[in-house]
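S.K.: Okay, here's the prediction I keep looking at, along with the sequence it came from:
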Amino acid sequence: VLSARSGNTPLSFQLAARVIRENPSLISKPLLEFMYPLERYEVIQKVKPQLDPFLVISVIRQESAFDVSARSPAGALG
């Protein structure tokens with residue numbers, strides 16, 4: 001919670017993923033909602049209706065941790 005509030009979303013995801021791997025019994029709906037936020041579900045569905053929005057959300061989480069200012073070494077944004 002503290003790392004998420006400090007704005008370090010990638011670290012928050014890393015810590016949560018580690019906890020899940022080590023203690024799968026701690027998986028809960030709030031934890032999954034944190035790891036895979038659905039705020040952009042409708043936008044994804046509208047822009048690319050042929051794609052599974054949950055798959056897209058998973059890729060976004062993995063690639064940029066929902067950081068709109070993220071930049072990849074190849075120059076990809078967001």
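M.R.: Received, thanks.
S.K.: list the buried ones in stretch 24-44?
M.R.: 35, 44 (16 or more other Cβ atoms under 10 Å). Where you see a C-beta, it was placed from the backbone N, CA and C, and this is true even at glycine.
S.K.: and the residue positioned nearest the centre of the chain, what element?
M.R.: By Cα atoms, centre = their mean, the chain has its centre lying nearest to residue 61, at 2.9 Å. In the assignment (DSSP states H and E), residue 61 maps to helix 53-64.
S.K.: Just to be sure, residue 38 is in a strand?
M.R.: No: under DSSP: H, G, I helix; E, B strand; the rest coil, residue 38 sits outside any strand and is assigned coil.
S.K.: Let me know how buried the nearest residue to it once chain neighbours are set aside is, in neighbour terms.
M.R.: Computed as Cβ to Cβ, 6 or more residues apart in numbering, the closest residue to residue 38 that is not its neighbour in sequence is residue 57, at 6.8 Å. Residue 57 is flanked by 19 other residues according to other Cβ atoms under 10 Å.
S.K.: pretty sure residue 57 is in contact with residue 33, am I right?
M.R.: No: between residue 57 and residue 33 there is no contact under Cβ atoms under 8 Å: 11.2 Å.
S.K.: quick one, the lengthiest helix in the chain and helix 53-64 angle?
M.R.: Ordering each helix of the chain by length in residues (DSSP state H) puts helix 9-22 first. Between the axes of helix 9-22 and helix 53-64, defined by axes from the mean of the first three to the mean of the last three Cα atoms, to 10 degrees, the angle is 110 degrees.
S.K.: Now do the contacts for the residue nearest to the centre of the chain.
M.R.: 13, 35, 36 (Cβ atoms under 8 Å, 6 or more residues apart in numbering).
S.K.: I'd say residue 67 and residue 10 touch.
M.R.: Yes: the criterion here is Cβ under 8 Å, and residue 67 meets it with residue 10 at 7.2 Å.
S.K.: Render the CA-only coordinates of whichever strand or helix holds residue 32 in CSV, please.
M.R.: Using DSSP H and E, residue 32 maps to helix 29-35. Provided in CSV are the C-alpha atoms of helix 29-35 (Å, rounded to 0.1, in the frame of the first residue of the first chain):
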residue,chain,number,x,y,z
LYS,A,29,-10.6,-9.9,-5.0
PRO,A,30,-9.2,-6.6,-3.7
LEU,A,31,-5.6,-7.8,-4.5
LEU,A,32,-6.6,-8.9,-8.0
GLU,A,33,-8.4,-5.5,-8.6
PHE,A,34,-5.2,-3.8,-7.5
MET,A,35,-3.0,-5.9,-9.8
